[in-house]
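In: Next come a sequence and a model predicted from it.
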Number of protein chains: 2
Amino acid sequence: MKLYTYFRSSAAYRVRIGLNLKGLPYEAVPVHLLRGGGEQLQDSYRSVNPAALIPSLQDGGATLTQSLAILEYLDEIHPGAPLLPADALGRARVRALALTVAADTHPLTNLRVLKYLKHTLGVSDEVKMVWYRHWLAEGLATLEALLAGNPGTGEFCHGDTPTLADCCLEPQAFNAERFELDLAAYPTVARIHARCAAHPAFIAAHPARQPDAE
Amino acid sequence: MKLYTYFRSSAAYRVRIGLNLKGLPYEAVPVHLLRGGGEQLQDSYRSVNPAALIPSLQDGGATLTQSLAILEYLDEIHPGAPLLPADALGRARVRALALTVAADTHPLTNLRVLKYLKHTLGVSDEVKMVWYRHWLAEGLATLEALLAGNPGTGEFCHGDTPTLADCCLEPQAFNAERFELDLAAYPTVARIHARCAAHPAFIAAHPARQPDAE
């Protein structure tokens, strides 16, 4: 399998965690999101993924896009080390937690949105960072509310083994630390982040450990 | 089942379509997103869904959130009229199309984002609508690129029966028409939209047909 990735892309980070959790080897193909105005916007990458977004996964002759769709696919064809619980309500909870990050938080703080704010709306770097931290804090507060005190929450987001939800939580926690947003306000998120950060599959997926890390 | 809904919410509209496609009866509980500063932000609704977002689905004693997680759950426990194809690659394609709307497009044009642009960043209504149309057009262009000429595309997004992808496409097409964004630039999206708009399950889910329509 070939993963088009960028070391700091949250969405690629999610898929790297999932691949590692399942012990699936893959070839990393770096796509630099900033160099030359963004390699993901060039025709060579658009021919792989018309959405011009990272990641894409090539498996045999097929190209898959969208991190959550890729993770669900990997879980279906490689059922060992499952990313989803065995019961329908558990799966719904894990998917809702994952989407809280992947749909409600991350798209608002994505590179293309920050570029639009700066270059089209003309906001200052300071206002851009206020925007970033606002939506990140909203997302973390929602995650905390969904996790804290819920009997489904264990060492990880759902039970004591990592799921799709942790594949999403950990890159978001990395972003929070990178932009100096204190996780202490979200104690359950912080606790699960610490647990993930000590897990070999998460460690190997960390941006700093990627071949294209800067 | 009880669906917390708002007639014009894209995410609630998706779930209404899915419920109708499966022929599942439900009780609609309207939550007005604008009245009184937003009923979804009040404690009475936060006790249902801490994310303070629409929709939520109550089924027996369980409360489910996030439209895509709800649709996957309904598909698992009511497998008739499946919302996902039988093969793993087909499911990955349908989920990627759905996420193109639900993660990459709709969250950027959501009410809470428009309110933040206006009230916190202080942009004019005109700039707010430029933002709205920009991300909507980006999303539609990506959908068109993923659909046009792909052998998987049929009368609907994937084959000749509606899937999770159509549950997401149709509310987005409704938004485009509402905000006068011409779908002619996206001929495959426009063709599938026309097919959906003639389908009884989509017709019954339309915002104008809801008990809380204005």
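Out: Received the coordinates, thanks.
In: Which helix or strand contains A:Tyr13?
Out: Assigned by DSSP states H and E, A:Tyr13 falls within helix A:10-21.
In: Go through the longest helix belonging to chain A and flag the buried ones.
Out: Longest helix in chain A, counting residues (DSSP state H): helix A:125-147. Neighbour-count burial for helix A:125-147, counted by 16 or more other Cβ atoms under 10 Å in any protein chain shown, picks out A:127-128, A:131-132, A:135-147. Using the backbone N, CA and C atoms, a C-beta is placed for each residue, glycine as well.
In: So which of those reach chain B?
Out: Among the buried residues of helix A:125-147, the residues lying close to chain B (Cβ under 8 Å from any Cβ of the partner chain) are A:Val127, A:Trp131, A:Thr142, A:Ala145, A:Leu146.
In: residues making contact with the lowest-mean-pLDDT helix or strand in chain A?
Out: Ranked by mean pLDDT, DSSP states H and E, the weakest helix or strand in chain A is helix A:43-46, scoring a mean of 91. By Cβ atoms under 8 Å, 6 or more residues apart in numbering or on different chains, the residues outside helix A:43-46 that reach it are A:Tyr4, A:Val31, A:Glu39, A:Ala52.
In: In terms of secondary structure, what does the helix holding A:Tyr13 contact?
Out: On a contact count with 3 or more Cβ pairs under 8 Å, 6 or more residues apart in numbering or on different chains; DSSP states H and E, helix A:10-21 meets strand A:2-5, helix A:67-77, helix A:164-178, helix A:200-205.
In: Can you mark which positions in the longest one are buried?
Out: Neighbour-count burial for helix A:164-178, counted by 16+ other Cβ under 10 Å, picks out A:164-176.
In: What of the second one?
Out: Neighbour-count burial for helix A:67-77, with 16+ other Cβ under 10 Å as criterion, is recorded at A:Ser67, A:Leu68, A:Ala69, A:Ile70, A:Leu71, A:Glu72, A:Tyr73, A:Leu74, A:Asp75.
In: ok, so of those residues, who is nearest B:Arg112?
Out: A:Leu68 (21.5 Å; Cβ to Cβ).
In: surely that closest one meets A:Leu99?
Out: Yes - A:Leu68 is within contact range of A:Leu99, at 7.4 Å (criterion: Cβ atoms under 8 Å).
In: which residues do these two both contact?
Out: Joint contacts of A:Leu68 and A:Leu99 (Cβ under 8 Å, 6+ apart) are B:Ala103.
In: And for A:Ala62, the neighbour number?
Out: 12 (other Cβ atoms under 10 Å in any protein chain shown).
In: a markdown table for the contacts of helix A:43-46, including secondary structure?
Out: Output for the contacts of helix A:43-46, formatted as a markdown table (DSSP: H, G, I helix; E, B strand; the rest coil):
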| residue | secondary structure |
| --- | --- |
| A:Tyr4 | strand |
| A:Val31 | coil |
| A:Glu39 | helix |
| A:Ala52 | coil |
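In: Out of these, which comes closest to B:His206?
Out: A:Ala52 (32.0 Å).
In: Correct me if wrong: A:Ser9 contacts A:His32.
Out: No - assessed by Cβ under 8 Å, A:Ser9 is found out of contact with A:His32, at 10.4 Å.
In: Export the ones next to chain B among the buried residues of helix A:125-147 as CSV, with columns for pLDDT.
Out: Putting those into CSV (pLDDT from 0 to 100) gives the following:
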residue, pLDDT
A:Val127, 94
A:Trp131, 95
A:Thr142, 95
A:Ala145, 95
A:Leu146, 95
